[in-house]
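Engineer: need coordinates for the below:
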Amino acid sequence: MDAFYTINTKEITGNNWNINLSLNADHPVYQGHFPEKAIAPGVMLTEMVKNIIEDEWQTKLKMKAARNIKFLNMMLPEEASSVDLILDVDREEEIKVKAEAKIGEDTYFKISATFE
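Structural biologist: Residues are numbered from 1 along each chain as shown. The predicted structure follows:
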């Protein structure tokens, strides 16, 4: 995940996390996904959500379940200089996360997952 994204701003209020980030269009992952027209890989977007939570809490997480993962639009890195990642993080017995990535008014990615 090194240098795949940069957090521009972060606001955390209880379970509500609002993060604005930029994708790095020069990241090596785009050489294979795809050199002619780079698209942010879904696995990298999913991992990004997990890594942001890990970094904030200074702990390692493992995805236990993903009830819903939707890729609604292709996220092109050259257009992803201001991505709003909105998370609802419930940290009771398990860590339940609902996340949505938007550029402007358009939703690109959604996930509902449980981590441990």
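Engineer: hey, where'd the strands end up in this protein?
Structural biologist: According to DSSP state E, the chain carries its strands in the segments 5-13, 16-23, 63-71, 83-91, 95-103, 106-115.
Engineer: ok, the fifth one: who's next to it in the sheet?
Structural biologist: The sheet places strand 95-103 alongside strand 83-91 (antiparallel), strand 106-115 (antiparallel), with pairing taken from DSSP bridges.
Engineer: which one of these lies nearest to Met63?
Structural biologist: Met63 lies closest, by CB to CB, to one member of these: strand 106-115, at 5.6 Å. The C-beta positions use only the backbone N, C-alpha and C, and glycine is treated the same way.
Engineer: who touches the closest one?
Structural biologist: The contact list for strand 106-115, computed with CB atoms under 8 Å, 6 or more residues apart in numbering, reads 42, 45-46, 49-50, 53, 61-75, 83, 94-102.
Engineer: model confidence for the most far-flung residue of the chain relative to its centre, exactly?
Structural biologist: Using CA atoms, centre = their mean, the residue of the chain lying farthest from its centre is Glu36. It sits 23.4 Å away. Looking at Glu36, its pLDDT is 85.
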